[in-house]
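Chemist: Need coordinates for the below:
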Amino acid sequence: MNRTNSIRVESGAWVCFDHPDFKGQQYMLEKGEYPEFQRWNAHNDHMGSCKPIKMHGEHYRMDLFEGPNFTGQCVELCDDCPFLQSTGFSQNCLNSIKVYGDGAGPDEHPGFPLAPLLWLSGAILDAVQLFACQSLLPPPTAPAEGEKHTSSYTQGGFASTPSAHQTHAPTTSSSMLPGASHAEVATRECVYYNDNWRTEKTNQSGFERCEGEKDKRLHCYASWLNTTGTIRLVKKGCWLDDFNCYDRQECVATEESPQVFFCCCEGNYCNEKFTHLPEAITPAVKIQPPEPGPSLMGVLVYSLLPLAILSLALVLACWTYHQRKPPYRHVDIGQDAGLPPPSPLVGLKPLQLLELKARGRFGCVWKAQLLSEYVAVKIFPIQDKQSWQNERDIYLTEGFKHENILLYISAEKRGTNLQMELWLVTEFHERGSLTDYLKGNPVSWPQLCHISASMSHGLAYLHEDLPYRAEGPKPAIAHRDFKSKNVLLKMDLSAVIADFGLAVRFEPGKPPGDTHGQVGTRRYMAPEVLEGAINFQRDAFLRIDMYALGLVLWELVCRCTASDGPVGEYQLPFEEEVGQHPSLEDLQDVVVHKKMRPVFKDCWIKHPGLGQLCETIEECWDHDAEARLSAGCVEERISTISKANNTINTSTSECLVSMVTSDSDTDLPPKESST
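Modeler: Below is the predicted model of the structure:
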């Protein structure tokens, strides 16, 4: 067999090696089942040789010596020793050992958290082998009389609960691992620990090999709780590119008293030790008292100067704190608050998936609980990494924050290898998407105006290029998949725009990235997208969003109760013409060749407000892309229409008819180019 992925030890204890002839990495396996090679802390699925541990029934005893050739301080051990220094041994390193009886297993960490080596009776070891020994235990219990050492190997895996010896207690302090150097900046491996390993079905402890983009830096992290003076380790592992971790060679948490302590660092295994050192408060500036007999002006200066300096220091400290701290503390977590955390850092806080809310092209969305708050977790499979990374990069655009844009919390990676998932954590909105809301609820005229205005306000911010801002320039961004499913509703029915997996940034002097033409949802594709005739310039992409905005506004009008006519069931745009699952050819025929658009009912046109809104919608989905309105213009028009019609009595049809002639002449904001 070239590969060994699972082992069942039926009796006794075995020592196995990943190379033939009993060489290489060593694993000690007791009776039990190991359904995958990570369960015995192996780095791969190679198993080259193995042999049973013979038991002679002798008394277990070892002599540890500080110096070579059995010289210097000596300590005799006859039982488990979780921490050598507790026996009075003052050194961190050993130079010679005598083993009596059946042998013993050393470990590089206190408390036996990792797979031990095995020292058999009569073994004499050099200083290199003993460099990091910090705990010792005798070999496993011998099998019952007459029982043979047996084990079985399979190349496949089998489902099983890990045996008890695989569960290790976390450690909060230990020496640095061999091979790790404080001067080493490159991070390839980190100490791994997961307090929630049973629920997430992962290993509890070990090492994690860090993987990331070539141009991204890698870090290690640790998170822990200390609510009652007792430290409880939560997670350790690899962390994606985070400027807060740059050039930190030690894992030190600096916040005063967070709910979850978090630290990150650079260098192999740098998260082995972690500490909490709150940042010192800037001391007040001391001013020498004035000489006797000062003038009145001198008294005022000396009295007010300390207060002025202290006030300035406080303002500067608050500004720095708010600049660095995101609205949800990353503990990027995400994470992949992590990502995952992993990248940005939510994986360090208790995050529990509660309910599957939706499935889409790039994954699924869960309602989850983060401490006392509900959040949304969008989970991407590893093959959709590009979409996850693009959406994360859009959210991390400098100064990208708006009341009508979905609030980003973090991104992180979960799992390893083929089981890896990419998580994106955002705020959660109980009402769900605009599509879901319209399916179950009609909207009144004020509600329609509020949803439309907030939606166009968010899209106008997205499209706007803001080069001169205190918080940094914001480039113009095209959504490229704008639809009612990607518009979420707050409890007050304010709209927030979500799902930026296909979005494109237009930064001066930089290419816009992936600008493949035919992307998005077919039903909402503009005519130029359907026929593949896109001008790959910024304005062309923004006009494509405006066509889709017109269709979403039509969906809102369809469910409005303001007109005299009956309110029909919710329908998608072009559902009457091409059905619920149209092909690209169907939409090309209807939208491009026949130039058809969703139909306006007569009762909508007769309503003064809806009639004007229908005119605006027609200018949004104009076949000529350059003739379409901009998002800012649509926002102004909806505001004007809403103010002019806020006294309409929708229950009296005569009043509506009389107002058509008077209110339909309301001047709308002039038409703008969508540039």
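Chemist: Check whether residue 605 really touches residue 612, as I assumed.
Modeler: No: taking contacts as Cβ atoms under 8 Å, residue 605 lies outside contact range of residue 612: 9.9 Å. In short, each C-beta sits where N, CA and C put it, glycine included.
Chemist: Apart from its neighbours in sequence, what residue is nearest residue 77?
Modeler: residue 62 (4.9 Å; Cβ to Cβ, 6 or more residues apart in numbering).
Chemist: can you pull out the helices in the stretch 301-450 of the chain?
Modeler: Per DSSP state H, counting those that start in this stretch, the stretch 301-450 of the chain carries helices over the ranges 385-395, 434-440, 445-463.
Chemist: what do you get for the chain?
Modeler: For the chain, applying DSSP state H gives helices covering 197-200, 296-324, 385-395, 434-440, 445-463, 527-530, 538-558, 575-578, 584-587, 602-606, 608-620, 631-644, 653-663.
Chemist: pLDDT-wise, which helix or strand of the chain ranks last?
Modeler: Across the helices and strands of the chain, mean confidence by mean pLDDT, DSSP states H and E is lowest for strand 150-154: a mean of 36.
Chemist: Now the phi/psi pair for residue 628, please.
Modeler: Phi and psi for residue 628, reported as degrees, to the nearest 10, are phi -70, psi 150.
Chemist: Return the distance of it relative to residue 542.
Modeler: 9 Å (Cβ to Cβ, to the nearest Å).
Chemist: and if you look at residue 218?
Modeler: Counting by Cβ to Cβ - residue 218 and residue 542 are separated by 37 Å.
Chemist: likewise residue 467?
Modeler: Residue 467 is 16 Å from residue 542, by Cβ to Cβ.
Chemist: The two: which has the busier surroundings?
Modeler: residue 542 (25 against 10; other Cβ atoms under 10 Å).
Chemist: confidence score at that one?
Modeler: pLDDT, residue 542: 94.
Chemist: Once you drop chain neighbours, what's closest to it?
Modeler: Closest to residue 542 by Cβ to Cβ, 6+ apart is residue 463, at 5.0 Å.
Chemist: for stretch 192-211, which positions count as buried?
Modeler: For stretch 192-211, the neighbour count (16 or more other Cβ atoms under 10 Å) marks 192-195, 197, 202-208, 210 as buried.
Chemist: Next: stretch 211-231.
Modeler: For stretch 211-231, by 16+ other Cβ under 10 Å, it's 212, 217-226, 231.
Chemist: now do stretch 521-532
Modeler: 521-530.
Chemist: ok, now stretch 490-499?
Modeler: 493-499.
Chemist: same thing with stretch 608-626?
Modeler: Those would be 608-614, 616-617, 619-622, 625, for stretch 608-626 by 16+ other Cβ under 10 Å.
Chemist: tell me the mean pLDDT for that stretch?
Modeler: 94.
Chemist: Could you do stretch 354-365 as well?
Modeler: 85.
Chemist: One more: stretch 207-214?
Modeler: Stretch 207-214 comes out at a mean pLDDT of 81.
Chemist: rewinding a little: now the buried residues of stretch 490-499 as CSV including distance to residue 319 and pLDDT?
Modeler: Below are those laid out as CSV (distance: Cβ to Cβ, whole Å; pLDDT from 0 to 100):
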residue, distance to residue 319, pLDDT
493, 34, 96
494, 29, 96
495, 31, 97
496, 27, 97
497, 29, 97
498, 30, 95
499, 33, 93
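Chemist: Of the buried residues of stretch 521-532, which is the nearest to residue 601?
Modeler: For the buried residues of stretch 521-532, the closest approach to residue 601 (Cβ to Cβ) belongs to residue 523, at 20.3 Å.
Chemist: so residue 17 makes contact with residue 24?
Modeler: Yes: between residue 17 and residue 24 there is a contact at 5.0 Å, judged by Cβ under 8 Å.
Chemist: what residues do these two have in common as contacts?
Modeler: residue 48 (Cβ atoms under 8 Å, 6 or more residues apart in numbering).
Chemist: With neighbour numbers in mind, choose between these two.
Modeler: Using other Cβ under 10 Å as the criterion, residue 17 and residue 24 rank with residue 17 on top: 18 against 15.
Chemist: any idea how far residue 395 is from residue 434?
Modeler: Per Cβ to Cβ, residue 434 is found 20 Å from residue 395.
Chemist: Among the buried residues of stretch 211-231, which are located in strands?
Modeler: Taking DSSP state E as the definition of strands, these contribute 219-225.
Chemist: Give me the local confidence score for the residue nearest to residue 542.
Modeler: At residue 463, pLDDT is 95.
Chemist: Tell me how many other residues surround residue 240.
Modeler: When neighbours are counted by other Cβ under 10 Å, residue 240 registers 31.
Chemist: That one and residue 582: what is the separation?
Modeler: Applying Cβ to Cβ to residue 240 and residue 582 gives a distance of 40 Å.
Chemist: Tabulate the buried residues of stretch 521-532 (TSV), appending pLDDT and distance to residue 390.
Modeler: Conversion of these to TSV gives the following (pLDDT from 0 to 100; distance: Cβ to Cβ, whole Å):
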residue	pLDDT	distance to residue 390
521	91	17
522	92	20
523	94	22
524	95	19
525	94	19
526	94	21
527	94	25
528	92	22
529	92	19
530	92	23
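Chemist: for these, which one is nearest residue 73?
Modeler: residue 521 (73.7 Å).
Chemist: wait, isn't residue 202 in contact with residue 237?
Modeler: No: applying Cβ under 8 Å, one finds residue 202 not in contact with residue 237, separated by 10.0 Å.
Chemist: For those two, list the residues in contact with both.
Modeler: By Cβ under 8 Å, 6+ apart, the residues touching both residue 202 and residue 237 are residue 194.
Chemist: can you give me the strands for the stretch 151-300 of the chain?
Modeler: With DSSP state E, counting those that start in this stretch applied, the stretch 151-300 of the chain shows strands at 189-194, 205-209, 219-225, 232-239, 251-253, 261-265, 274-276, listed in chain order.
Chemist: Could you save those as CSV and add columns showing distance to residue 558?
Modeler: Shown next, in CSV, are the strands of the stretch 151-300 of the chain (distance: least, Cβ to Cβ, whole Å):
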stretch, distance to residue 558
strand 189-194, 49
strand 205-209, 52
strand 219-225, 49
strand 232-239, 48
strand 251-253, 54
strand 261-265, 48
strand 274-276, 57
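Chemist: so which of the ones you listed comes closest to residue 316?
Modeler: Closest to residue 316 of those is strand 251-253 (Cβ to Cβ; 22.6 Å).
Chemist: average model confidence for the closest one?
Modeler: 89.
Chemist: contact partners of that strand?
Modeler: 220-222, 261-265, 270-271, 273-277.
Chemist: residues of that strand that come out buried?
Modeler: Within strand 251-253, the residues that count as buried by 16+ other Cβ under 10 Å are 251, 253.
Chemist: With stretch 629-647 instead?
Modeler: Quick answer for stretch 629-647 (16+ other Cβ under 10 Å): 629-642, 644-645.
Chemist: Next: stretch 400-419.
Modeler: 400, 402, 404-414, 416.
Chemist: now do stretch 592-607
Modeler: The neighbour-count criterion (16+ other Cβ under 10 Å) identifies 592, 597-598, 600-601, 603-607 as the buried residues of stretch 592-607.
Chemist: pLDDT below threshold where in the stretch 1-150 of the chain?
Modeler: 1-2, 38-39, 41-43, 54-61, 78-94, 99-150 (pLDDT under 70).
Chemist: follow-up on the earlier one: ok, the buried residues of stretch 400-419 vs residue 476, which is closest?
Modeler: Distances from residue 476 to the buried residues of stretch 400-419, taken as Cβ to Cβ, are shortest for residue 400 (11.8 Å).
Chemist: what residues are up against the closest one?
Modeler: By Cβ under 8 Å, 6+ apart, the neighbours of residue 400 are 394, 474.
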